[in-house]
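Asks: sequence first, predicted coordinates after that:
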Amino acid sequence: VNAGATNSHQIAAAAACLACDEPLEGNYFVSTYPPFSAWTRAALPEVHRLLQAPAAARQDEPLGLYVHVPFCVKRCDYCYYLSYADKSAADIDAYVDAVLAEAQLYRRTAALAERTPTFVYFGGGTPSLLSAREIERLLRGLQHVFPWARVQEATFECAPQSVTQAKLRRLRELGVTRISLGVQELDDDVLRLNGRVHLVRHVERAWEAIRRVGFDVVNLDLIVGLVGQTEATFSRSLDRVIGMQPECVTIYQLEIPLNTPLYRALHAGALPQAPANWDIKRARLGRGLAALEQAGYTVRSAYAAVRDPRRHRFVYQDEQYRGADLLGIGVASFSYLAGLHFQNVTALDAYLTLVRQGQFPLGRAYALTDDERLTREFVLQLKLGVADAAYFHASFGTDISQRFAEPLRELTQRGWLTVDAGGVRTTREGLLRVDRLLSAFYPAHHRGIRYT
Ligand SMILES: C[S@@+](CC[C@H](N)C(=O)[O-])C[C@H]1O[C@@H](n2cnc3c(N)ncnc32)[C@H](O)[C@@H]1O
Ligand code: SF4
């Protein structure tokens, strides 16, 4: 590709984005409130206090377990998740030991001794990179520490190349109900341009194996805005995905996080094509959601559509967005327990060392006030397209239309939200940019700060 043409495209794209005031780079997706950059080491003693407090009254409450598996065959150019591509089988083995030891540490606390999980999520990195033997050791070990009798949903993230029938069978036998497969795009050129290791044929092979083994819900991840993607490649990919009839399809808008190869290539003028700006990504996502609706799917959040909303729930997301407790295990994982956020250290060596010393591998924390808990649930529920007035009245004794009157006025005027006695809803245009709107509901000191 002609480098001169690349640069002029990039300049045009940057100018377009200045006009819409949205930087091409940085974070977009909001996974919680307050932003991680507000969490501190100074708040860690509160975590230790909480863990020593008996939680008998919370025994029947929902509890999630998140386990981070930070290994990939190779880092994709755009990815911001913590993951290592240079680890050996022995390193992975040692990591599984550490995860099980960390789970035991929590089990021995007064706060978690009697609690059992209602949903589980193995995220990455690439959990499917573990061998069938390691999968069995990890899941059995975890179930020994935190029995799964009450688990309604257990998700396991997979990448196409590492999926095998033997691993899938093991997952099914061990209680995994939901598979999430990173497809991203069904075009070999686009996959290669973004540093993916898999090709379309690997997706086809993984898909056959997944269907043969059979899971309650299979989700396929796609991304709009990938380098080299065009309207034509995306709509062909989506048509093929719809033809496969997965229970759930998730479409992310490409973020260009700092410190990724994609960010560096963008700034070096080394991309073969200017990256899509946010207007393009939103329009593509909007067309994608419309195509899914046309095919009988129901839009359940800003990014996902399901074939049958009554049967194909996403417990992990729904429960978290309603304030459920979540215990995050593994390097960099974050937790939310009784209104307290805490996150593990984000370097693998430090994580392993602390766990081996019998210490909680914690890095930072944040204790939410009641009002911040309300804000957290309100903004997270907006990502599902609706914040129900009755729910907030019952949970917090608050009238959300009053509490957030000012930002609601502004965002309804812009056509992104509607408000009535039932609550707050996003319009479709609002839903396509919802993560961008959320900081309008934050107090001033949390607005405009770094996300991580
Ligand atoms: C941890 S990965 C999923 C499993 C597996 N590692 C894979 O990539 O196939 C979670 C998902 O995050 C999405 N993702 C990662 N980086 C992203 C980015 N910069 N912008 C948008 N989505 C991203 C991808 O769709 C990916 O499937
Ligand atoms: S997108 Fe998935 S496979 Fe690629 S680096 Fe991120 S976690 Fe690894």
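Replies: Now that the structure is in, tell me what you want to look at. Just so we're clear, the structure is a prediction, and the values are computed from it rather than from any experiment. Numbering: from 1, shown residues only. Ligands and ions are numbered 1, 2, ... in the order given.
Asks: return the set of buried residues in stretch 154-168.
Replies: For stretch 154-168, burial by neighbour count (16 or more other Cβ atoms under 10 Å) applies to 154-163, 167-168. Every C-beta, even on glycine, is put in place using the N, C-alpha and C of the backbone.
Asks: equivalent analysis for stretch 120-132, please.
Replies: Under 16+ other Cβ under 10 Å, the buried positions of stretch 120-132 are 120-131.
Asks: CA atoms of it as CSV?
Replies: Only the C-alpha atoms of stretch 120-132 are listed here, as CSV (Å, rounded to 0.1, in the frame of the first residue of the first chain):
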residue,chain,number,x,y,z
VAL,A,120,-18.5,-18.2,37.1
TYR,A,121,-16.4,-16.7,34.3
PHE,A,122,-13.0,-17.7,32.9
GLY,A,123,-11.7,-14.8,30.9
GLY,A,124,-8.4,-13.9,29.4
GLY,A,125,-6.1,-13.9,27.7
THR,A,126,-7.2,-17.2,26.2
PRO,A,127,-8.5,-19.8,28.7
SER,A,128,-8.8,-22.3,25.9
LEU,A,129,-5.0,-22.3,25.6
LEU,A,130,-4.8,-24.5,28.8
SER,A,131,-4.4,-28.2,28.0
ALA,A,132,-7.3,-30.5,28.8
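Asks: quick one: residues in contact with it.
Replies: For stretch 120-132, the surrounding residues in contact (Cβ atoms under 8 Å, 6 or more residues apart in numbering) are 64-73, 81-84, 89, 92, 96, 135, 138, 142, 148, 151, 153-159, 162-164, 166-167, 170, 182, 316.
Asks: count the neighbours of the closest residue to ligand 1 within the stretch 51-200 of the chain for me.
Replies: Relative to ligand 1, the nearest point of the stretch 51-200 of the chain is Gly182 (1.9 Å; Cβ to the nearest ligand atom). Gly182 has 23 neighbouring residues, counting by other Cβ atoms under 10 Å.
Asks: measure it to Leu220 for me?
Replies: 8 Å (Cβ to Cβ, to the nearest Å).
Asks: re the thing from before, quick check: which element contains the residue of the stretch 51-200 of the chain closest to ligand 1?
Replies: Assigned by DSSP states H and E, Gly182 belongs to strand 178-184.
Asks: who does that strand touch, helix- and strand-wise?
Replies: strand 153-158, helix 200-213, strand 217-224 (3 or more Cβ pairs under 8 Å, 6 or more residues apart in numbering; DSSP states H and E).
Asks: those: which one's closest to ligand 2?
Replies: That would be strand 153-158 among those, by Cβ to the nearest ligand atom, at 7.8 Å.
Asks: does ligand 2 have contacts with that closest one?
Replies: No - on the criterion Cβ under 6 Å from any ligand atom, strand 153-158 is out of touch with ligand 2, staying 7.8 Å away.
Asks: quick check: mean pLDDT of the following helix or strand past that strand?
Replies: Note on strand 153-158: by DSSP H and E, the next helix or strand toward the C-terminus is helix 165-173. Taken as a whole, helix 165-173 has an average pLDDT of 98.
Asks: cool, and stretch 87-98?
Replies: Rounded mean pLDDT across stretch 87-98 is 97.
Asks: kindly export that stretch (C-alpha atoms) in PDB.
Replies: Included here for stretch 87-98 are C-alpha records, laid out as PDB according to Å, rounded to 0.1, in the frame of the first residue of the first chain:
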ATOM      1  CA  LYS A  87       5.000 -18.600  28.800                       C
ATOM      2  CA  SER A  88       5.800 -22.300  28.900                       C
ATOM      3  CA  ALA A  89       3.600 -25.200  30.000                       C
ATOM      4  CA  ALA A  90       5.500 -25.200  33.300                       C
ATOM      5  CA  ASP A  91       4.600 -21.500  33.800                       C
ATOM      6  CA  ILE A  92       1.000 -22.200  33.100                       C
ATOM      7  CA  ASP A  93       1.100 -25.100  35.500                       C
ATOM      8  CA  ALA A  94       2.500 -22.800  38.200                       C
ATOM      9  CA  TYR A  95      -0.100 -20.200  37.500                       C
ATOM     10  CA  VAL A  96      -3.000 -22.700  38.000                       C
ATOM     11  CA  ASP A  97      -1.400 -23.600  41.300                       C
ATOM     12  CA  ALA A  98      -1.400 -20.000  42.300                       C
END
